[in-house]
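Peer 1: using only what follows, build the 3D model:
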Amino acid sequence: RPDSMISTITMEEKDRFTEIKERLKMFLEHQVTNFRFSFPFGRPDGALKATLSLLERVLAKDLSTPISRDDIRHFIRKSLENAAYTNYTRVSDQAKIEGFTLLLFLLLDFYID
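Peer 2: Sure, this is the predicted structure:
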């Protein structure tokens, strides 16, 4: 607590908090990784900054100790690598579909003539 007062929580509450924190971390990682695809027609002002700010708070051990920049850099680097892979996979799949469609069109055109 920020006011330095001692409070007691049960182990069940602590476990539930840890579970929710981990789910939120996974959600934020997904948001950063797929940010480009979440807003295909324009990104809202400050959305990425707000997401990263929330991520900093989730990754922090407690409110009084800020997270190290290296930990944030590592997390963002991992998310960007995943985003690059996701983008490559989507483009590759689309190229395969378009290539197959073109091949099918050429074959149909050949057999019709």
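
Peer 1: check which helix or strand T89 maps to.
Peer 2: Per DSSP states H and E, T89 falls inside helix 69-112.

Peer 1: show the average pLDDT along that helix.
Peer 2: Average pLDDT, helix 69-112: 75.

Peer 1: before we move on, what about stretch 37-45?
Peer 2: 74.

Peer 1: so how far is K78 from the most centrally placed residue in the chain?
Peer 2: The centroid of the chain falls nearest to H30 when counting by CA atoms, centre = their mean (2.4 Å). To K78, H30 is 12 Å away according to CB to CB, to the nearest Å. For glycine as for every other residue, the C-beta is placed from the backbone atoms N, C-alpha and C.

Peer 1: same deal with T51?
Peer 2: Taken as CB to CB, the span from T51 to K78 is 15 Å.

Peer 1: the more surrounded of the two?
Peer 2: For T51 and K78, the more surrounded residue by other CB atoms under 10 Å is T51, and the numbers stand at 16 against 13.

Peer 1: now the helix or strand the more buried one falls within: buried residues?
Peer 2: According to DSSP H and E, T51 maps onto helix 47-59. By 16 or more other CB atoms under 10 Å, the buried positions in helix 47-59 come out as T51, L52, L55, E56, V58, L59.
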